[in-house]
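# 3D model of this:
(one chain, ligands or ions: 2)
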Amino acid sequence: HIQGVIFDLDGVLTDTSEYHYQAWQKLADEEGIPFNRQANEALRGISRRASLMLIIGNRKYSELQIQEMMERKNNYYVELIENITHNNLLPGAVSLLDNLRVAGLKIAIGSASKNAHLVIEKLGIIDKLDVIADGYSVQKPKPAPDLFLFAAQQLGIAPQQCVVFEDAAAGIEAALGAGMWVVGMGQPERLGNAHIILPSLVDLTWEKLQAKFRDFAL
Ligand code: G6P
Ligand code: MG
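Ligands and ions are numbered 1, 2, ... in the order given. This is a model prediction of the structure:
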């Protein structure tokens, strides 16, 4: 049965995915590259470099220019998150974290972001977490399973006993690849093969989550 819960950060516990989008939009505009909110859907959950590659498509840039653009986007992002607080936590997030802790589950963050520590600090939830796996933890980014496997290993829990909360197609693929249970958050179109899909974390408890997984005979 499930002993550990791994949360993606951007778009699951907090609304920072909007700031990632705004930072990419600003960069794309400066470069004269067509980009919009819909195109941004494909960038959810994937690394900074992979995101930039999708934005530039087959336009030719040198490695130096690529480095500069990644840095520029990150500067915009860091500027945008400068004033985030616990108010940027998504509805239901804190009560679920507290409820899971009381129920005796181990809790990790599994985020592709190199800014995850900064964001977690600003959100004020560091005390509610046992492990933070972020953009520095492994080499291969989502959709590879490595980041979630690393988080489970740090928790000391077998992958099959972990459930992952994800809002991105790449993250769901990564969690399934790791052999974990997956809750997809948000619009079903982008959530592929998640075992369970939820619109939000509001009113969710460990008890309700277990009931939803009962169909899978856990
Ligand atoms: C998360 C976000 C992505 C972002 C990635 C890398 O997965 O959902 O939008 O590109 O982290 O974030 P970073 O802060 O390292 O650029
Ligand atoms: Mg996400």
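
# what does this structure have sitting close to ligand 1?
10-11, 17, 20, 43-48, 51, 74, 111-115, 135 (CB under 6 Å from any ligand atom). All C-beta spots, glycine's among them, are computed from the backbone N, C-alpha and C.

# For the protein, just list every one of the helices.
With DSSP state H as the criterion, the chain has helices at 17-31, 37-40, 48-56, 63-80, 93-102, 116-123, 146-155, 169-177, 206-213.

# Turn the ones you listed into a markdown table, columns for distance to ligand 2 and mean pLDDT.
Converted to a markdown table, the helices of the chain look like this (distance: least, CB to the ion, whole Å; pLDDT from 0 to 100):
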| stretch | distance to ligand 2 | mean pLDDT |
| --- | --- | --- |
| helix 17-31 | 6 | 97 |
| helix 37-40 | 12 | 96 |
| helix 48-56 | 12 | 97 |
| helix 63-80 | 14 | 98 |
| helix 93-102 | 13 | 98 |
| helix 116-123 | 11 | 98 |
| helix 146-155 | 12 | 98 |
| helix 169-177 | 6 | 96 |
| helix 206-213 | 19 | 94 |
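
# Just name the most buried of those.
Sort those by mean neighbour count, taking mean count of other CB atoms under 10 Å, and helix 169-177 sits at the top with a mean of 24.

# Check the offset of that helix from the chain's centre.
11 Å (CA atoms, centre = their mean, to the nearest Å).

# Name the residues that touch that helix?
6, 8, 44-46, 110, 112, 142-148, 164, 166, 181-182, 184, 190-194 (CB atoms under 8 Å, 6 or more residues apart in numbering).

# same thing but 7 Å
Under the contact criterion CB atoms under 7 Å, 6 or more residues apart in numbering, helix 169-177 has outside partners 8, 45-46, 142-145, 147-148, 164, 166, 182, 184, 190-194.

# just the buried members of these?
8, 45-46, 142-145, 147-148, 164, 166, 182, 184, 190-192, 194 (16 or more other CB atoms under 10 Å).

# what's near enough to touch the nearest residue to Thr14 once chain neighbours are set aside?
Of all residues not flanking Thr14 in the chain, Asn88 sits nearest, at 5.1 Å (CB to CB, 6 or more residues apart in numbering). Going by CB under 7 Å, 6+ apart, Asn88 touches Thr14, Asp15, Thr16, Leu123.

# Now the buried members of those.
Thr14, Thr16, Leu123.

# wouldn't the last one be in contact with Ala93 here?
No. Applying CB atoms under 7 Å as the test, Leu123 and Ala93 come out as separate, 8.6 Å apart.

# Run a quick neighbour tally on whichever residue of the chain sits closest to ligand 2.
Nearest residue of the chain to ligand 2 (CB to the ion) works out as Gly11 at 3.5 Å. Neighbourhood size, Gly11 [other CB atoms under 10 Å]: 22.

# Could you double-check that it lies in contact with His20?
No. Using CB under 7 Å, Gly11 is not in contact with His20, being 8.6 Å away.

# Sort out which residues of stretch 79-90 are buried, please.
For stretch 79-90, burial by neighbour count (16+ other CB under 10 Å) applies to Leu80, Ile81, Ile84, Asn88, Leu89, Leu90.
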